[in-house]
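Peer 1: Predicted structure and sequence below. I'll ask about it afterward.
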Amino acid sequence: MTAIRTRTVEANGLSFAIDEAGDGDSVALLLHGFPESRRCWRHQLPVLAECGWRAVAPDLRGYGQSSRPAEQSAYAIEHLVADAAGLFDALGARRRLLIGHDWGGAIAWAFAIRRARPLDGLVIVNAPHPLVFRRVLRTGWRQRLRSWYMAFFQVPWLPEWLLTERHGRAVAAALVDSSAPGTFPPDILAHYRDNAAAPGAMTAMLNYYRAALDFGAIADGPGVDVPTLLVWGEQDHALGPELVAPTAYHVPNLVVRRLRQVSHWVPEEAPAELNAALAAWLRERGLAA
């Protein structure tokens, strides 16, 4: 297996802690979600490197060892997209593969829709296209019930208190309760609890939701024009499977891989399945070495 290196990269005026595997100017950038970190991609980085990509997973702004702006407005989608663009530039990318899960997927959708930089491929893991998500939220009571926590996260200070008391116990409980047994080993749960309990970190993490009052606004732009792989764990407690099929209307070059017995946390719960889907799709699209 290809070794994973850790270092710091300066991009878009901020400092980002990254895990990295492989070399060269074909850069695969992997964006994590809430409440995880760059370590959620630990199983994918070596596989992508073996496919010919220099695979890079950063802690997003506000998370882990990356810069943590204090203002809520600093977490608006345009800044998050600019972070990804800046990271590609700082890494000297000539070919670009963008991969995102959960909130990282929302950023990846916005990046591709707005065409912030040319992409050779886009991979989304359990993150709905923003226009599909907005439509289903408005018309489907099941998804509104599943998304109750997004409204709760708008409340001042109370979500922070609940999620950080006893050193992030609720964060670990939420991960364990919504995934298959053994998905999150003790050291990874401890890592996520440490991140959540760091001063200012939980407010920064929640500011992603607070700065995104209209998820449909993420889709402002000309649309997705690159080959796209959508991988979906169908046992997702927060995002229903009805969000998948309508994506094809917005993404003409789309391949969907459904994982029927897998939860929201695909990169950590089903790494072998995700890695196989990634490698096969990269080969089919001529994107593997």
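Peer 2: The structure has been received and is ready for your questions.

Peer 1: Okay, now the unreliable bits of the protein?
Peer 2: Along the chain, the parts satisfying pLDDT under 70 run over 1.

Peer 1: Geometrically speaking, which residue is the centre of it?
Peer 2: By Cα atoms, centre = their mean, the chain has its centre lying nearest to Gly104, at 2.3 Å.

Peer 1: which ones are touching it?
Peer 2: Residues in contact with Gly104 (Cβ atoms under 8 Å, 6 or more residues apart in numbering) are 30-33, 60, 127. All C-beta spots, glycine's among them, are computed from the backbone N, C-alpha and C.

Peer 1: so what's it closest to, chain neighbours aside?
Peer 2: Leu31 (2.9 Å; Cβ to Cβ, 6 or more residues apart in numbering).

Peer 1: Specify the beta-bridge partners of the one you found.
Peer 2: Beta-bridge pairing for Leu31 (DSSP bridges): Gly100.

Peer 1: how much space between it and Gln261?
Peer 2: To Gln261, Leu31 is 25 Å away according to Cβ to Cβ, to the nearest Å.

Peer 1: okay, those two: which has more neighbours?
Peer 2: Neighbour count, other Cβ atoms under 10 Å: between Leu31 and Gln261, Leu31 has more, with 28 against 11.

Peer 1: who's in contact with the more buried one?
Peer 2: The neighbours of Leu31, taking Cβ under 8 Å, 6+ apart as the test, are 57-58, 60, 84, 98-101, 103-105, 107-108.

Peer 1: Which one of the residues you listed is nearest to Gly233?
Peer 2: His101 (10.0 Å; Cβ to Cβ).

Peer 1: Val125 is in contact with Leu98, isn't it?
Peer 2: No - applying Cβ atoms under 8 Å, one finds Val125 not in contact with Leu98, separated by 11.7 Å.

Peer 1: List just the nearest of the contacts of Gly104 to Tyr192.
Peer 2: Nearest to Tyr192 among these, counting by Cβ to Cβ, is His32 at 10.5 Å.

Peer 1: quick one: that closest one from Gly104, how far?
Peer 2: With Cβ to Cβ as the criterion, His32 and Gly104 are 5 Å apart.

Peer 1: Residues that sit against both of the two, list them.
Peer 2: Residues touching both His32 and Gly104 by Cβ under 8 Å, 6+ apart: Leu60.

Peer 1: Can you tell me the SS state at the residue nearest to the centre of the chain?
Peer 2: Under DSSP: H, G, I helix; E, B strand; the rest coil, the three-state class of Gly104 is helix.

Peer 1: Quick check: it vs Ile77, distance?
Peer 2: Counting by Cβ to Cβ - Gly104 and Ile77 are separated by 12 Å.

Peer 1: Also Leu14?
Peer 2: Distance from Leu14 to Ile77, counting by Cβ to Cβ: 16 Å.

Peer 1: go on, Leu158?
Peer 2: 25 Å.

Peer 1: and Met202, what does it touch?
Peer 2: Met202 touches 159-160, 163-164, 196, counting by Cβ under 8 Å, 6+ apart.

Peer 1: Let's see which of these end up in helices.
Peer 2: Taking DSSP state H as the definition of helices, the contacts of Met202 contribute 159-160, 163-164, 196.
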